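Engineer: Provided below are the primary sequence and the corresponding predicted coordinates.
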Amino acid sequence: MADSDSSSLPPPTPLAVAPPPLSSTTKENLTPVACKIEELNESRSELLGRIQGLKKDLQTWRSKLDSQVKVYRDELSELKQSLNTEVEQLRSEFQELRTTLQQQQDDVTASLRSIGLQDVSEGSKVEGNDHKESNVSTTENDVKEA
C-alpha cells in the first residue's frame, strides 16, 4: 500500500525559483516610478532650499531682536540712572526745605520770645490778655503748617 501512495504524489518542486523574465508591462511600470522618484528628489531639494532660507531668516531675525533688546536695555539703564539722580536731587531739596522750615520756625519762636511772648506749645500763659494768646497760637500753627 505504501507503494501505491508514493506513486500517486507529484514530484517535488525545487526551492529556488528563477524570476520570470521582464515583460514589456513591467518596464512600463518602472518608468512612472522613475519619474515619481525624480519628482520627489526635486521636491526634496526645493524643501531643503526653503529650510535653509528659513534658517537664514531666523538667524537674521534673532540678530535684529538681540540688537533691539540691547538698545532697549541701554535706554532703560540710562532712564534708571536718570531717575535715581532725580530722586536723589529731590531728597536733597526736600531735606534743604525741611531745614529751612525748621530754621524759620525757630526764628519765629525766638522773635516771639524776644518781644515778650512765650511758646504756647510749651503750655505757659502769654503775658497780657487772652486775645494776644489766641493770635500767637494761630501764628505759630500757620508757621508749623507751612
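Structural biologist: Looks like it came in fine.
Engineer: which residue ranges of this structure form strands?
Structural biologist: Ranges of strands in the chain, per DSSP state E: none exist.
Engineer: could you pull out the helices for it?
Structural biologist: 2-8, 24-114, 130-145 (DSSP state H).
Engineer: which of these sits most buried?
Structural biologist: Most buried of the helices of the chain, by mean neighbour count (mean count of other CB atoms under 10 Å): helix 130-145, with a mean of 13. Heads up, the C-betas are built off the backbone N, CA and C, glycines and all.
Engineer: so, low pLDDT: which residues of this protein?
Structural biologist: Within the chain, the ranges that satisfy pLDDT under 70 run 1-29, 118-146.
Engineer: 50 instead, please
Structural biologist: Along the chain, segments meeting pLDDT under 50 span 1-2, 119, 125-134, 136, 143, 146.
Engineer: quick one: residue 58 and residue 70, what's the gap?
Structural biologist: Note on residue 58: its distance to residue 70, by CB to CB, to the nearest Å, is 19 Å.
Engineer: over to residue 111?
Structural biologist: For residue 111, the distance to residue 70 (CB to CB) stands at 61 Å.
Engineer: same deal with residue 82?
Structural biologist: 19 Å.
Engineer: can you show me the CA trace of stretch 100-120 as CSV?
Structural biologist: C-alpha atoms of stretch 100-120 as CSV (Å, rounded to 0.1, in the frame of the first residue of the first chain):
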residue,chain,number,x,y,z
THR,A,100,14.9,125.9,56.1
LEU,A,101,11.3,125.5,57.5
GLN,A,102,12.8,124.3,60.8
GLN,A,103,15.1,127.3,60.9
GLN,A,104,12.2,129.7,60.1
GLN,A,105,10.1,128.1,62.8
ASP,A,106,12.9,128.5,65.3
ASP,A,107,13.4,132.1,64.2
VAL,A,108,9.7,132.9,64.6
THR,A,109,9.7,131.3,68.0
ALA,A,110,12.8,133.3,69.1
SER,A,111,11.4,136.6,67.8
LEU,A,112,8.1,135.9,69.7
ARG,A,113,10.1,135.3,72.8
SER,A,114,12.1,138.3,72.3
ILE,A,115,9.0,140.6,72.2
GLY,A,116,7.9,139.0,75.5
LEU,A,117,5.7,136.2,74.3
GLN,A,118,6.3,132.6,75.2
ASP,A,119,5.7,129.5,73.1
VAL,A,120,2.2,128.3,73.6
